[in-house]
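J.: Could you look at this predicted model? Sequence included:
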Amino acid sequence: MAKVLLCIGTNLGNRKHNIERALNAIDKYAGRILKTTDIMETKPFGVTRQPNFLNIGVLIKTEHPPFLLLNILKRLEKKVGRYPTYRWGPRVIDIDILTYENLRIGTKKLKIPHPGIKERDFFKKALELTKEGAL
């Protein structure tokens, strides 16, 4: 079992409902939710002319290896209502893997830790979930 830090983001539709649906799906299919951050509203990153995001950090315990977990999360995004747009564009739901235990992965399909982990304030806030005593 591995501890994995995820970040959920949404800026289209009923954002709170999108997060609730994603959390339920993650807990059912991806891994047991151990702890979450508070929901935080953030400005868009990259493409700034779009609605603000709601984000939540989620610490899970999973039995799935990293690439299988990524595939599961991509299926869950579709289940919640994600459809293709463009890089950094608006989306119904986005689920990113920020960290996976102490693993480092650098493929085109998956980068762990997430490349934006040091640039985005919300990712830094989510990282607090992984510190000792946060559980």
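T.: Thanks, I have it.
J.: and residue 54, how many neighbours?
T.: Look at residue 54: counted by other Cβ atoms under 10 Å, it has 17 neighbours. Heads up, the C-betas are built off the backbone N, CA and C, glycines and all.
J.: Who are the contact partners of it?
T.: Counting by Cβ atoms under 8 Å, 6 or more residues apart in numbering, residue 54 makes contact with 9-11, 15-16, 18-19, 39-42.
J.: any idea how far residue 46 is from residue 27?
T.: 29 Å (Cβ to Cβ, to the nearest Å).
J.: If we go by neighbour counts, what in stretch 67-86 is buried?
T.: For stretch 67-86, the neighbour count (16 or more other Cβ atoms under 10 Å) marks 69-70, 72-73, 76-77, 80-82 as buried.
J.: Tell me the gap between it and the middle of its chain.
T.: Computed by Cα atoms, centre = their mean, to the nearest Å, the chain-centroid distance of stretch 67-86 equals 11 Å.
J.: Show residues contacting stretch 42-51.
T.: Residues from elsewhere that reach stretch 42-51, judged by Cβ under 8 Å, 6+ apart: 9, 11-12, 52-55, 86-90, 116, 119-122.
J.: Sort out for me which of the buried residues of stretch 67-86 are in helices.
T.: Among the buried residues of stretch 67-86, the members falling in helices are 69-70, 72-73, 76-77, 80 (criterion: DSSP state H).
J.: In CSV, list those along with distance to residue 5 and pLDDT.
T.: What follows is those, written out as CSV (distance: Cβ to Cβ, whole Å; pLDDT from 0 to 100):
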residue, distance to residue 5, pLDDT
69, 12, 98
70, 14, 98
72, 16, 98
73, 13, 98
76, 16, 98
77, 17, 97
80, 19, 95
